[in-house]
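Enquirer: Sharing a model that was predicted from the sequence below.
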Protein chains: 2
Amino acid sequence: MPVELVEKMLTGDQRALARLVSAVERQSAEVPEIMQHVTPLLGRAYCVGITGPPGAGKSTLTDRLIAHARQQGETVGIIAVDPTSPFSGGAILGDRIRMQQHYLDAGVYIRSMASRGHHGGLSHAAKGVIKLLDAFGKDLILVETVGVGQTELDVVAAADTTVLILVPESGDAIQTIKAGIMEIADLFVINKADRDGAERLQRDLQMMLHVRHASDGWCPPVLSTQAHQDLGIVELYEAITTHRRKLSETGQLTTRRRQNRRQELLDLLQQQLLAALTAQFENGETHSGLLAQVEEGTVDPYTAVQQMLVESGGLWR
Amino acid sequence: MPVELVEKMLTGDQRALARLVSAVERQSAEVPEIMQHVTPLLGRAYCVGITGPPGAGKSTLTDRLIAHARQQGETVGIIAVDPTSPFSGGAILGDRIRMQQHYLDAGVYIRSMASRGHHGGLSHAAKGVIKLLDAFGKDLILVETVGVGQTELDVVAAADTTVLILVPESGDAIQTIKAGIMEIADLFVINKADRDGAERLQRDLQMMLHVRHASDGWCPPVLSTQAHQDLGIVELYEAITTHRRKLSETGQLTTRRRQNRRQELLDLLQQQLLAALTAQFENGETHSGLLAQVEEGTVDPYTAVQQMLVESGGLWR
C-alpha cells in the first residue's frame, strides 16, 4: 500500500524510503498514488544538479561537497545518473572505498540510477526520486550526471542550481559538450585547476559568459577547484548558497520551480500519450490501414500524421 | 510551389535540391507536400550511418569512403550532423581544404546540419534530407554523427548499415559511449589502428560481440583502418557491400525499412501531438485550471496526466 509506505517513510524509516525509491525507479503503477501523497510535502529541499564530461572529477567533487554540507549540519540526498560514477559502480576501487564513509552516515542517502533500461523514463524516475528525498526531509539534494544525453540534461535542468564541472583539458572539447548545458549552468567549475590550460579555459569561459546576456541578472561565476586536495570546495558551497539566496530574494526560485513542474507535466503527457498510441498501434486498434501504407512506403509519415490529427477531431476539448 | 521544385529537382537541378533541403531543414509548412511528392521515388539509394566519439576520425574516414565510392562510379550524398565535423565547420583547416575536392565534384552532395536550434526536430530534418537525396538519385548516402545524443542515435539507427568508428583510446571510454549504439552497429571500425591499444580493443570488441546473440544471423566484423594513410578503406567499403547483400538476400532490408518507416511515423506523431498540446496549453484552451494547479505544486503531474487522458475519452477511435 503506497499510502502506508509513504506514512512510514515520513517517520524516518529508511527501508520504506528505499522501497518507494525502487517503485519510482521501475515506474510502477503505484507511482501516481505515491506522488499524490508526497506532493503536499514538497519544496523544502534545495536541489543542485552537477554535470560535466567523463573524467572531470564530478564524483570526487560531489563526495567533498557532501562532507562539507554535513559539517554545516545539512542532511544530504544524492542521485547519481552516471555510468562512470563510483555511486553507480563504474569507477575505480579507491573512489568506492572513500565513499563508504557516507554510506555509513544516516544523514546521507545515496541512490545510483543506471542510464540503461529505462526506455526514456529515466528523467521521470530521477525527478520522482528527488521528490521522495525532499519529502523524506533531506535538506540538500545533489543530482550528478554525465552531461551527454538529453535525458541527463532534462534532469539537471530541473535542479534549482546547476553546476557544470570542467577540467583544463575540456577546453578543446568544449564544442562537443552538449550545447544546452553551457547555457543553463548557473556555476562553472574548473576542477583539477593545477593542470595546464586552466587559465586559458578560465579566460575562454569568462569571455563566453560575458557575451551571454544575463537576462536574469545572474552572471555565472567560474570557480577553480582541486577536489582531490579538498581545495575550493568551501568556495563552491558558498557560491551555491549565494545563488540560492539570489533566487529566493528575486522570486526566481518560485518561477523556476513553476516552470519545471509545467515542463514535467508536458513531458509526462508526451510519454504517456506515446505509450497509449503505440499500444493501440500494436493491437491494430487504430488506423491500421494507414499504418500499413506508411510501412510499405506508399504513404509518407507526414501525410499520415496530418490525417490522424484531423480524424481525431482536435484532441482536447 | 513544392511540386514544381520537386519536379525541377528530378531533372537534376542542384539548386532546386538545395532549396528543398533548406525547406526540410527548417521544417517548413511545405514539408508534408514535399514528402508526398517524393515518397513514390524512394528506396533506391543505400544509406550508411557513420558514428563514433569525437576525435575518432569519422570525417577523414568518410572523406576516403566518398573517394572510393566515386571510383566505383557511385554518386554520393553526405549529411553531417556533427559539430566537430569539417563538413559542419568545427574542424581544422587542413580537413576543410582536403574536402574541397568533393565540393567541386557534381557527383557528390554535402550538407551539414547543426545540432543546435532544432528543438528535437533534427532527426526528422535529417531523415527528410536523406529522402531528398534518395529521390534526387544519389546511389550512396552517408550520414555522419557524433554518437552522443538520442537524436543522433535515432538518425543513425535509420540507416541501412550502421558503422561505429572507434580509436584505440576508446577502450577505456567504451562505457561512456551511448549504450544503444554498441547494440545497433553492423560494423565496427578501429581507426588509427597503428596506435597503442588497438589489439586490446579488437579483442574486447570481439568478446563483446561473441556474447551478443546474432538473432539476425549477422556477426558484426571488427575492421582496422588508418584513414589518414588510406589504409583499410577498400575493406570497409567491401564489408558494407557484403552487409548490404546479406540484408537484401534475406529480406531483412525490406523488414528494416518497414520498421524504420513505422518508427518515423510514431516519432512524428509524438512530435506533432506535443506541439499541438503545448500550443493549446499556451493559449489556455485546455485544462488551464489543472495546469495552474500543477504549476503551483498542489496537484502532482501524474494525477493531472491521468485525469487529462480520462477526459480525452480515449484518443483514437
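Expert: Right, received. Where do you want to start?

Enquirer: Need the nearest residue in space to residue A:70, chain neighbours excluded.
Expert: Spatial nearest neighbour of residue A:70, excluding adjacent residues (CB to CB, 6 or more residues apart in numbering or on different chains): residue A:107 at 6.0 Å. Every C-beta, even on glycine, is put in place using the N, C-alpha and C of the backbone.

Enquirer: actually residue A:299, sorry about that
Expert: In space, residue A:299 is closest to residue A:293, 4.0 Å off (CB to CB, 6+ apart).

Enquirer: And for residue A:273?
Expert: Residue A:273 sits nearest to residue B:273 (CB to CB, 6+ apart), 5.8 Å away.

Enquirer: Surely residue A:160 and residue A:130 touch.
Expert: No: between residue A:160 and residue A:130 there is no contact, the gap being 10.4 Å when judged by CB atoms under 8 Å.

Enquirer: residues shared between the contacts of these two?
Expert: residue A:47 (CB atoms under 8 Å, 6 or more residues apart in numbering or on different chains).

Enquirer: now the residue nearest the centre of chain A: how far from chain B?
Expert: What sits nearest the mean C-alpha location of chain A, by CA atoms, centre = their mean, is residue A:155, with 2.6 Å. From residue A:155 over to chain B the distance is 14 Å, taken as CB to the nearest CB, to the nearest Å.

Enquirer: Just confirm that residue is within a strand.
Expert: No: read with DSSP: H, G, I helix; E, B strand; the rest coil, residue A:155 is helix and lies in no strand.

Enquirer: wait, what's in contact with it?
Expert: A:49, A:81, A:122, A:123, A:126, A:127, A:143, A:145.

Enquirer: Hmm, the residue nearest to residue A:273 is touching residue A:270, no?
Expert: Yes: here residue B:273 reaches residue A:270: they are 7.3 Å apart, a contact under CB under 8 Å.

Enquirer: Could you find the closest non-adjacent residue to residue A:9?
Expert: residue A:16 (4.0 Å).

Enquirer: helix or strand for the one you found, which one?
Expert: Using DSSP states H and E, the element containing residue A:16 is helix A:14-25.

Enquirer: is any part of the following helix or strand past that helix close to chain B?
Expert: Per DSSP H and E, the first helix or strand lying C-terminal to helix A:14-25 is helix A:31-38. Yes: applying CB under 8 Å from any CB of the partner chain, one finds helix A:31-38 in contact with chain B at A:31, A:32, A:35, A:36, A:38.

Enquirer: between the contacts of residue A:155, which is nearest residue B:185?
Expert: residue A:122 (22.3 Å; CB to CB).

Enquirer: Report pLDDT for the closest one.
Expert: At residue A:122, the pLDDT value in this model is 77.

Enquirer: now swap in residue A:150 and tell me
Expert: Looking at residue A:150, its pLDDT is 67.

Enquirer: do the same with the one 3 residues further on
Expert: The predicted local distance difference test score for residue A:153 is 76.

Enquirer: Report the separation between the residue nearest to residue A:9 and residue A:44.
Expert: 19 Å (CB to CB, to the nearest Å).

Enquirer: Point me to the helix or strand that includes residue A:162.
Expert: Take DSSP H and E as the rule and residue A:162 turns out to sit in strand A:161-166.

Enquirer: what is the mean pLDDT for that strand?
Expert: Rounded mean pLDDT across strand A:161-166 is 93.

Enquirer: What helices and strands are in contact with it?
Expert: With contacts defined as 3 or more CB pairs under 8 Å, 6 or more residues apart in numbering or on different chains; DSSP states H and E, strand A:161-166 has these neighbours: strand A:46-52, helix A:179-184, strand A:187-190, helix A:233-250.

Enquirer: Residue A:309 is nearest to which of these?
Expert: Comparing the helices and strands packed on strand A:161-166 by CB to CB, helix A:179-184 comes nearest, at 28.6 Å.

Enquirer: buried ones in the helix or strand encompassing residue A:59?
Expert: In the assignment (DSSP H and E), residue A:59 maps to helix A:58-71. Using 16 or more other CB atoms under 10 Å in any protein chain shown as the test for burial, helix A:58-71 gives A:58-70.

Enquirer: got it, and stretch A:262-281?
Expert: Buried residues in stretch A:262-281 (16+ other CB under 10 Å): A:262, A:264-274, A:277, A:280-281.

Enquirer: hmm, back to that, filter the contacts of residue A:155 down to the buried ones and hand me the ChimeraX line.
Expert: To isolate the buried ones among the contacts of residue A:155 in ChimeraX, judged by 16+ other CB under 10 Å, type:
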select /A:49,81,122,123,126,127,143,145
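
Enquirer: Would you check which pair of the contacts of residue A:155 lies furthest apart?
Expert: Applying CB to CB across the contacts of residue A:155, the maximum distance is between A:49 and A:122, 14.3 Å.

Enquirer: Leaving out sequence neighbours, find the closest residue to residue A:193.
Expert: residue A:224 (3.8 Å).

Enquirer: ok, now residue A:5?
Expert: residue A:16 (5.1 Å).

Enquirer: ok, now how distant is the one you found from residue A:199?
Expert: 50 Å.
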